[in-house]
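Trainee: Everything below, folded, please.
(2 chains)
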Amino acid sequence: MNIDLIANFSYIVAALLFIVGLKMLGSPATARRGNWLSSVGMLVAVTAGLFNKGIITYDWIIVGMIVGAIIGATAARLVAMTSMPEMVALFNGFGGIASLLVGWAALFGVTTDFTVVTICLAMLIGGLTFTGSLVAFAKLSELINSKALVFPGQRFFNGLLLIAIIAIAVLFYMEPAVDSKFLYALIGLSLLLGIMAVIPIGGADMPVVISLLNSYSGIAACAAGFAINNNILIVAGSLVGASGIILTKIMCKAMNRSLANVLFSGFGAVKTGKAIEGVVKPINVEDAYYILEAATNVSFVPGYGMAVAQAQHVVKELGKILEANGCEVSYAIHPVAGRMPGHMNVLLAEADVPYEQLLEMDEINPRIETVDVAIVIGANDVVNPSARTDEDSPIYGMPIIDVDKARTVFVLKRSMASGFAGVPNPLFFGENTRMLFGDAKESISGVIAEFS
Amino acid sequence: MEVVFLTFILVLAISLGFELISKVPATLHTPLMSGANAISGITLAGALLSAGAQSEQMATILGTAAVAFATINVVGGYLVTDRMLAMFKSKSESGR
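Mentor: Next up, the predicted model:
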C-alpha cells in the first residue's frame, strides 16, 4: 500500500485527536485528558511524518529532536507558575521560527508560483512571531522595560517597513532563488517588524499580545503547510490561529478597546483623567483581622501584584481560615488580571484553590453588594470605578469588578503610586475603602497570625 | 485544483476552531493557550522532511534547526500544560 496514503490517513486521525482534545480543554474536569489526547495526536502526526519516503537519513532528525526534547522538557519542568506568561511567549516564538525555517528550506525543493507566495508568508509571519515573542518575553521577565516604547514617527516608520516587505516579497516572487538577496532582506525585515510591532505595547496589554502571537504561530504553521503541501499543518495551524484570535477578541473586549487601539497606541499616553481629592484611610493588620473575623462573605480580587509578591499561597491559607470561621469565600477574577489570559486562575490553582471558587467578573458583579469584605491584592485598573464614572479617564468604558459597591474594601498595596496605566484610582479614597499598606504577602501573613 | 482543496480544508478548520474555543471558560484560558501553542509545533511534522531529505547542506541545516525549535515547542508545550492542568482541582479533590 502507498505510504503517502497511510500518512494522510494518519493525519486525519491526528486532526481528529486535536479537535477532540481542544474540545475537552473546555472543562476543568476533562482538560487534562484532552491535553493528553492532543499530544497523542501529535505523536501520530510526527510518526507519520517520519515514514515519509523523501527522508533518506535520520541522523539530523534525531539530533534535532533530542536537543529540542531536552530543552523543552527541562524548561517545562523548571518554570515557576508565576513565570508562565514568559514561558508561553517563548514557546510561541519557537513555533514561529520553526515555520520560518521550514518555509526557507522548502525553497530548496520544487517550487511553483503558489508555493513561493506561501513560503513568503510562512517566513514573514514566522519571523515576526519569533522576534515579537522574544520582545514580549523580555518585557514580561523585566529584561527590558515593560512600559510602552513610543517614538515620534513610529507609525510612519512601521508603515514604511510593511510597504518595503511587500515590495521585496514581490521582487523575490518574480525571481525566486535560494541565494537571492531579496530572500535575506525579506527575512531580516520580517524579524524587524516583529520587534517594532511589540515595543509600543505596554506590560498591562500583554494578555492581548500573547493571545495574538499565539494566533500568529498557528497561522505561520498553516502557511508552512501550504508551502510544503501538508494537510495536517494546515488543519492544526488554523485551529491554533482561530483559538488565538478568539482569545485576543475576549481580551480586547475585557478592556473595552479595539485591537487596533491596543496595537498602535501606547496606553495612557493620551488622556490622564481627573485628579482625585480625598482622604485615604489606612488600617493595620489588627484592624483588618477584626473586620474579617466578623465577615460572613469575603471575596479576594487578585491582580498582577499577587503574582509579583508570590502571595497566592498565603491568600489561599487566609481563605481557608475564613471558611473555617463560617465565612463564604470566593475569588473574583477579571479577564485581563495578570499578564496573560487566565494567569490568576493558574496561580490560585497552584495554591490548591478549587476551581468552583474562582468566579468570573460577570458572576461576582451582580452580587457584589452582598460581599462584606472585598480584598484587592495587587490589582488596580481592573477595579478602578472611574471606568464607570469618569468620561475623561483613559480606561472609561472598560468593564471592571465593582468592588467599590461591596460593604468594605481592603486594598493591599505597597504605596499610593498609581497603577501601570498611570490612571488615578478613586477607589483608594472611597468611603468604605481601607488601605493596608505594605508587601501583600507580609500583610496577609500578618492577618493569618492574628487569627491563630 | 490542489489549491482549492487546501483552501477548503483551511476554511473548515478555522470555523471549527472558532466553534471549539468560544466555549472555553476564563479559568482555563492559560492552559488552553499553552495547549494550543503545543499544537502549533505541528510544524515539526513538516520539518522532518527538510532535515532528512539530504538534498543540500543548507536545507539540512535549516531543517534540523526547525526540528529542534518545533520539538521544544511540542514537548515543552504539552508538558507545561499538563503540569498546570494537574493543579486544577475541584472542591471534592482538593480536600484530600
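Trainee: Quick check: phi and psi on the nearest residue to A:Arg407 once chain neighbours are set aside?
Mentor: Excluding the flanking residues, the one nearest A:Arg407 by C-beta to C-beta, 6 or more residues apart in numbering or on different chains is A:Asp372, at 5.1 Å. Placement of C-beta: from N, CA and C, glycine included. Note on A:Asp372: backbone dihedrals following degrees, to the nearest 10 are phi -70, psi -50.
Trainee: A:Ala288 and A:Ala449 touch, don't they?
Mentor: No. Counting by C-beta atoms under 8 Å, A:Ala288 does not reach A:Ala449; the two are 11.4 Å apart.
Trainee: between those two, who's got more neighbours?
Mentor: A:Ala288 (22 against 10; other C-beta atoms under 10 Å in any protein chain shown).
Trainee: who touches that one in this structure?
Mentor: A:Ala288 makes contact with A:Phe410, A:Arg434, A:Leu436, A:Ser443, A:Val447, A:Glu450 under the criterion C-beta atoms under 8 Å, 6 or more residues apart in numbering or on different chains.
Trainee: how close does the last one sit to chain B?
Mentor: Going back to what we said before, that points to A:Glu450. Noted for A:Glu450: a distance of 25 Å to chain B, by C-beta to the nearest C-beta, to the nearest Å.
Trainee: what number of residues lie near the nearest residue to that residue once chain neighbours are set aside?
Mentor: Distances taken as C-beta to C-beta, 6+ apart place A:Tyr289 nearest to A:Glu450, at 3.7 Å, with adjacent residues excluded. Residues near A:Tyr289, counting by other C-beta under 10 Å, number 17.
Trainee: ok but A:Tyr289 is inside a helix, no?
Mentor: Yes. Assessed with DSSP: H, G, I helix; E, B strand; the rest coil, A:Tyr289 lies in a helix.
Trainee: pLDDT on stretch A:141-159, on average?
Mentor: Averaging pLDDT along stretch A:141-159 gives 82.
Trainee: cool, stretch A:373-390 as well?
Mentor: Stretch A:373-390 shows a mean pLDDT of 88.
Trainee: That one: how far from the chain's middle?
Mentor: Relative to its chain's centre, stretch A:373-390 lies at 21 Å (C-alpha atoms, centre = their mean, to the nearest Å).
Trainee: again, but for stretch A:298-318
Mentor: On C-alpha atoms, centre = their mean, the centre of stretch A:298-318 falls 19 Å from that of its chain.
Trainee: now swap in stretch A:157-166 and tell me
Mentor: Distance, stretch centre to chain centre, for stretch A:157-166: 27 Å (C-alpha atoms, centre = their mean).
Trainee: Name the nearest residue to the residue in the stretch 351-452 of chain A that chain B sits nearest to, ignoring sequence neighbours.
Mentor: Proximity of the stretch 351-452 of chain A to chain B (C-beta to the nearest C-beta) peaks at A:Pro354, 4.1 Å away. Closest residue to A:Pro354 apart from its sequence neighbours, by C-beta to C-beta, 6+ apart: B:Lys91 at 4.1 Å.
Trainee: Can you pull out the low-pLDDT segments for the chain?
Mentor: Using chain A. A:1, A:265-277, A:417-422 (pLDDT under 70).
Trainee: could you do chain B instead?
Mentor: Along chain B, segments meeting pLDDT under 70 span B:1, B:94-96.
Trainee: and the longest helix along it, what does it pack onto?
Mentor: In chain B, with assignment by DSSP state H, the single longest helix is helix B:2-21. Judged by 3 or more C-beta pairs under 8 Å, 6 or more residues apart in numbering or on different chains; DSSP states H and E, the packing partners of helix B:2-21 are helix A:3-24, helix A:206-228, helix A:231-254.
Trainee: Tell me how many other residues surround residue 3.
Mentor: No chain in the question, so chain A it is. 11.
Trainee: Actually, chain B is the one I wanted.
Mentor: Look at B:Val3: counted by other C-beta under 10 Å, it has 13 neighbours.
Trainee: Please look at it and A:Phe114 and confirm they touch.
Mentor: Yes. B:Val3 lies in contact with A:Phe114 (C-beta under 8 Å); the separation is 5.7 Å.
Trainee: Using the record's assignment, carve chain A into domains.
Mentor: A:1-78, A:81-270, A:285-451 (automatic domain parsing).
Trainee: out of these, deepest packed?
Mentor: A comparison of the domains of chain A by mean neighbour count, using mean count of other C-beta atoms under 10 Å in any protein chain shown, puts domain A:81-270 on top with a mean of 22.
Trainee: what about stretch A:204-224, near chain B?
Mentor: Yes. Stretch A:204-224 reaches chain B (C-beta under 8 Å from any C-beta of the partner chain) through A:Ile210, A:Ser211, A:Asn214, A:Ser217, A:Gly218, A:Ala220, A:Ala221, A:Cys222, A:Ala224.
Trainee: Help me confirm that the third one comes into contact with A:Val88.
Mentor: It refers to A:Asn214. Yes. Contact criterion C-beta under 8 Å: A:Asn214 and A:Val88 qualify, at 7.4 Å.
Trainee: Overlap in contacts, those two.
Mentor: B:Met33, B:Asn37.
Trainee: end to end, how far does stretch A:424-434 reach?
Mentor: Terminal residues of stretch A:424-434 are spaced 17 Å apart (C-alpha to C-alpha, to the nearest Å).
Trainee: Just checking the distance from it to the centre of its chain.
Mentor: Chain-centre distance of stretch A:424-434: 29 Å, with C-alpha atoms, centre = their mean.
Trainee: go on, stretch A:123-130?
Mentor: 18 Å.
Trainee: likewise stretch A:313-325?
Mentor: 28 Å.
Trainee: Name the helix or strand for the residue of the stretch 51-200 of chain A found nearest chain B, please.
Mentor: As assessed by C-beta to the nearest C-beta, chain B sits closest to A:Gly68 within the stretch 51-200 of chain A, at 2.6 Å. Here A:Gly68 sits within helix A:59-78, counting by DSSP states H and E.
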